[in-house]
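Asker: Below are the sequence and a predicted model; questions follow.
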Amino acid sequence: MKIQKIERRQVLAFQKDLSEGGLSIRTCNNIMKILKIVLKDAVTDEIIMKNPAEGIKALKEVNAKAAETYHPALTEQEQKDFMQEMADDYYYEFVAFLLCTGMRFGEAAALTWNDIDHKQNVIHVTKTVTFNEDNTRTTGTPKSESGKRDIPLNDTIKGVLARQKKKQSIVIPIDKTENRVFVSVYGKMVDNCTVNRAITSALSRLEE
């Protein structure tokens, strides 16, 4: 339909259809963010007089029951099998780092080489990946002060970091100003969807 014909009730109906279509709450909200930006630009360009999506609140995530969110820890053998299957993947070091440190995806994606403190033998966790209003990603601070912490460096983690440093020197075009430890194949910020696809692919091969 033409953008001039869109009314608030139709935007609300669209949001409802998204939420009932099997998508995650986060995905629904991201789609709505993009729609709001498009309609806001239409107002700026004087295509429409008022943004029909203005004031429509994002969907709230409903806490799932504990039984629905319970995930058993991997056994040592399962970890070995999984990492062996990931061995040839570009994101092997990133996944190995998450497994060894317990860091969240956004924390590892925001990590810079300056955060690796070999003198104190720790990793300083002070940043995480956040999303702007226009759905672009940026580096911000953790949601709480408890998110800022130091993680001890052991030999396994040091080995993963050494391999990542070597990979960066021979494989990836990197923006030196950002100094990130982990980057995408294009030298940009690591994207969780891409890494999740790599993990899913490895799991699928293990199930064959």
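Answerer: Received it, and whenever you're ready, just let me know what you need.

Asker: Worst mean pLDDT across the helices and strands of this protein, which element?
Answerer: Sorting the helices and strands of the chain by mean pLDDT, DSSP states H and E puts helix 66-69 at the bottom, at a mean of 53.

Asker: what sits against Gln15?
Answerer: Counting by Cβ atoms under 8 Å, 6 or more residues apart in numbering, Gln15 touches Cys28, Met32, Ile56, Leu59. Backbone N, C-alpha and C define where each C-beta goes, glycine included.

Asker: Report the rounded mean pLDDT for the helix or strand harbouring it.
Answerer: Element membership of Gln15, judged by DSSP states H and E, is helix 8-19. For helix 8-19, mean pLDDT rounds to 92.

Asker: Go through it and flag the buried ones.
Answerer: Val11, Phe14, Gln15, Leu18, Ser19 (16 or more other Cβ atoms under 10 Å).

Asker: Check what pLDDT Lys65 gets.
Answerer: Lys65 is assigned a pLDDT of 55 by the prediction.

Asker: re the thing from before, any chance of the buried residues of helix 8-19 in TSV, plus distance to Asp134?
Answerer: TSV is the format used below for those (distance: Cβ to Cβ, whole Å):
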residue	distance to Asp134
Val11	18
Phe14	19
Gln15	18
Leu18	19
Ser19	22
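
Asker: helix or strand right after the helix holding Gln15?
Answerer: Downstream of helix 8-19, the first helix or strand assigned by DSSP H and E is helix 25-44.

Asker: so what does that following helix touch, helix or strand wise?
Answerer: Contacts defined by 3 or more Cβ pairs under 8 Å, 6 or more residues apart in numbering; DSSP states H and E place helix 25-44 against helix 8-19.

Asker: and the helix it packs on, how far from the chain's centre?
Answerer: Centroid separation for helix 8-19 versus its chain: 26 Å, with Cα atoms, centre = their mean, to the nearest Å.

Asker: and it with helix 25-44, angle?
Answerer: Orientation of helix 8-19 against helix 25-44 (axes from the mean of the first three to the mean of the last three Cα atoms, to 10 degrees) gives an angle of 150 degrees.

Asker: and helix 8-19, C-alpha only, in PDB?
Answerer: Extracted C-alpha coordinates of helix 8-19, given in PDB (Å, rounded to 0.1, in the frame of the first residue of the first chain):
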ATOM      1  CA  ARG A   8      -1.800   3.800  13.200                       C
ATOM      2  CA  ARG A   9      -4.300   0.900  13.400                       C
ATOM      3  CA  GLN A  10      -2.600  -0.800  10.500                       C
ATOM      4  CA  VAL A  11       0.900  -0.500  12.100                       C
ATOM      5  CA  LEU A  12      -0.500  -2.000  15.300                       C
ATOM      6  CA  ALA A  13      -2.000  -4.900  13.300                       C
ATOM      7  CA  PHE A  14       1.300  -5.400  11.500                       C
ATOM      8  CA  GLN A  15       3.100  -5.600  14.900                       C
ATOM      9  CA  LYS A  16       0.500  -8.100  16.100                       C
ATOM     10  CA  ASP A  17       1.000 -10.200  13.000                       C
ATOM     11  CA  LEU A  18       4.800 -10.200  13.500                       C
ATOM     12  CA  SER A  19       4.400 -11.300  17.100                       C
END
